[in-house]
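Student: one predicted model, sequence on top.
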Amino acid sequence: MGEAASRRAVIGALAAVAAGVTVGAFGSASTHARPPAVAADFKLLRHGTPPSAAVQRRLRDLLRTPPGTENDTCRLSLDYSAARATELPGGLRLWVIPGRNGSCNAISERGFFQSAGCGGNASLVERGIEGYRQSGSQWQITGLVPDGSHVTLRLASGASIPAPVNADNAYVVVRPVTDPVVKTTISGPHATITTISPRG
C-alpha cells in the first residue's frame, strides 16, 4: 500500500469512528446500536441479563419474515442483544425485542417459543403489548404496559376487573371462553387507551 493510499485508509477509519461506526480487521463496518428509545418507558428493558447467543438465534428464527412484509425485522433494526424477558405464572416468559424503527415481542412456555408479533415504537410506548391465546376452554391474555400504567379488563358479562401486573409491569389473565375479555383499558403516563379484544 502506497503512502497516499495508507493516508486515505487512516482518514477513512477516523471518519468512521467519528460517525459511531467500528471498522473490523477486514474493513467491514458495523453500526453500534444505541440503547433503544423505548427503554425509557419499560424498566424491563433497562435491567436484566442479555439473552444467550442461542436464545438470540431462536428469537431471530421466530421473527424471520420475508423482506418487505409488515413485520420485516430487518427494517425494524431489532437489537437482539437488548431483548429481555419477564416471568409470568404458568411457566410463561414474555420477551421484548426492541428496535430502532419498531419492536417485537414473543411468548415462550417452558423453553418453547410459541408466538410473536411486531409493531411501531410509538404504539408500544402508548399501549404496550397484549396477546390472546386459547387453550381448551380458556382464553389466556398476556401483556406488558409502560411503567406507571394500570390495566382494567372489561368482561363479556359487563364486569370489570383489574389486571395485576408484576414487577416488570407485565400480566397474564386467564378467562373462560364463556366470559372473555372484550375490552382492555390501559391508563398510562402518556395516554389512556381502550382496545377491543379480538376474542370478545
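Tutor: Thanks, I have it.

Student: secondary structure element for R58?
Tutor: If you go by DSSP states H and E, R58 is part of helix 53-63.

Student: outline the domain layout of the protein.
Tutor: As assigned by automatic domain parsing, the chain contains the domains 1-32, 33-196.

Student: looking at those domains, which one is packed in the most?
Tutor: Mean neighbours per residue, mean count of other CB atoms under 10 Å, is largest over those for domain 33-196, with a mean of 17. The C-beta positions use only the backbone N, C-alpha and C, and glycine is treated the same way.

Student: any chance you could map the helices in this protein?
Tutor: Using DSSP state H, the helices of the chain run over residues 3-18, 53-63, 73-76, 121-127.

Student: just the CA trace of the third one, in CSV.
Tutor: The one in question is helix 73-76. The C-alpha trace of helix 73-76 is given here as CSV (Å, rounded to 0.1, in the frame of the first residue of the first chain):
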residue,chain,number,x,y,z
THR,A,73,-37.5,-7.4,11.2
CYS,A,74,-34.5,-6.0,9.1
ARG,A,75,-36.5,-2.8,8.5
LEU,A,76,-37.2,-2.6,12.3
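
Student: now for that helix, which elements pack on it?
Tutor: If you count contacts as 3 or more CB pairs under 8 Å, 6 or more residues apart in numbering; DSSP states H and E, helix 73-76 packs onto strand 103-109.

Student: then the last one?
Tutor: Helix 121-127 makes packing contacts with strand 192-196 when contacts are defined by 3+ CB pairs under 8 Å, 6+ apart.

Student: name the residues that touch the strand it packs on?
Tutor: By CB atoms under 8 Å, 6 or more residues apart in numbering, the surrounding residues in contact with strand 192-196 are 126-127, 130, 182-186.

Student: sheet-wise, list the partners of it with their directions.
Tutor: Here strand 192-196 is paired, per DSSP bridges, with strand 181-187 (antiparallel).

Student: could you check how far the partner strand is from the centre of its chain?
Tutor: 20 Å (CA atoms, centre = their mean, to the nearest Å).

Student: do stretch 133-152 as well
Tutor: Its chain's average C-alpha position is 15 Å from that of stretch 133-152, according to CA atoms, centre = their mean.

Student: repeat for stretch 42-49
Tutor: The answer for stretch 42-49 is 11 Å, by CA atoms, centre = their mean.
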